[in-house]
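> Could you look at this predicted model? Sequence included:
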Amino acid sequence: MNAVWVAAGLAGFLLLSLAISFNRFVTQRNLIRDSWANIDTELRRRYDLIPNLVETVKGYAAHERQIMEAVSEARVAAVGQTGSPQQQAATENALIGALRQLFAVVENYPDLKASGNFLALQKELATTEDRIQTARRFYNANVRDLNRRCAAIPSSVVAGLFGFKPVEFFEVEPAVRAAGPPTADFGSSRQE
């Protein structure tokens with residue numbers, strides 16, 4: 001009779017452990033979805049700022065059409081990207097590169113650098129870039145935790161049983177990460 005109780009207790013413990021592990025996987029998957037939604041929100045905010053920024057620059061630097069078209073094209077590609085985090089990161093890298101070119105051009109236009117509208121847009125873009133980086137770090141931390149559980153024993157057994165798989169990180173290229181977000185120094189206008 002004691003053996004039956006021990007077997008029943010062991011079976012109950014295993015089922016409870018399985019349920020707890022499954023629930024942790026579900027929670028982590030939902031955290032990843034939520035943190036990806038935060039990244040998407042911040043990226044959309046950036047995408048909404050870019051047309052205003054380009055229009056402001058056009059007013060001062062109309063002959064810099066090629067760079068403004070490159071920024072607009074990179075924005076359209078990034079807005080339309082709905083693939084994996086790796087695919088999204090590739091379009092984001094192209095957009096950041098185009099924005100850097102735009103800010104390099106702005107350095108040649110002291111009147112533009114002093115424009116209140118441009119300065120407000122540039123400040124808003126810098127704030128958005130900071131928020132994107134924060135959201136990316138939060139997302140990648142959640143992905144790391146899930147991926148670690150998918151690889152560790154005994155939770156890897158639960159992951160295999162219920163189809164939980166490792167998730168891609170949202171990583172920017174090392175050169176883009178080292179350079180930081182696109183910015184320009186508008187504190188010191190050149191006198192011409």
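Cool, the structure landed.

> CA atoms for contacts and neighbours, from now on please.
Fine.

> For the chain, give me the ranges with low pLDDT.
174-192 (pLDDT under 70).

> Helices along that one, start to end?
For the chain, the helices defined by DSSP state H occupy 2-60, 65-80, 85-106, 110-113, 116-151, 155-162, 174-179.

> I'd like those as a markdown table, with mean neighbour count appended.
Formatted as a markdown table, those follow (neighbours: other C-alpha atoms under 10 Å):
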| stretch | mean neighbour count |
| --- | --- |
| helix 2-60 | 15 |
| helix 65-80 | 18 |
| helix 85-106 | 19 |
| helix 110-113 | 19 |
| helix 116-151 | 18 |
| helix 155-162 | 16 |
| helix 174-179 | 11 |
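
> Show me the one of the ones you listed that comes nearest E168.
Taking C-alpha to C-alpha as the criterion, E168 comes closest to helix 85-106 out of these, the separation being 6.4 Å.

> what angle separates that closest one from helix 2-60?
20 degrees (axes from the mean of the first three to the mean of the last three C-alpha atoms, to 10 degrees).

> how many degrees apart are helix 85-106 and helix 65-80 in direction?
160 degrees.

> And for helix 85-106, what's in contact with it?
57, 64, 67-68, 70-71, 74-75, 77-78, 81-82, 112-113, 168-173, 176, 181-184 (C-alpha atoms under 8 Å, 6 or more residues apart in numbering).
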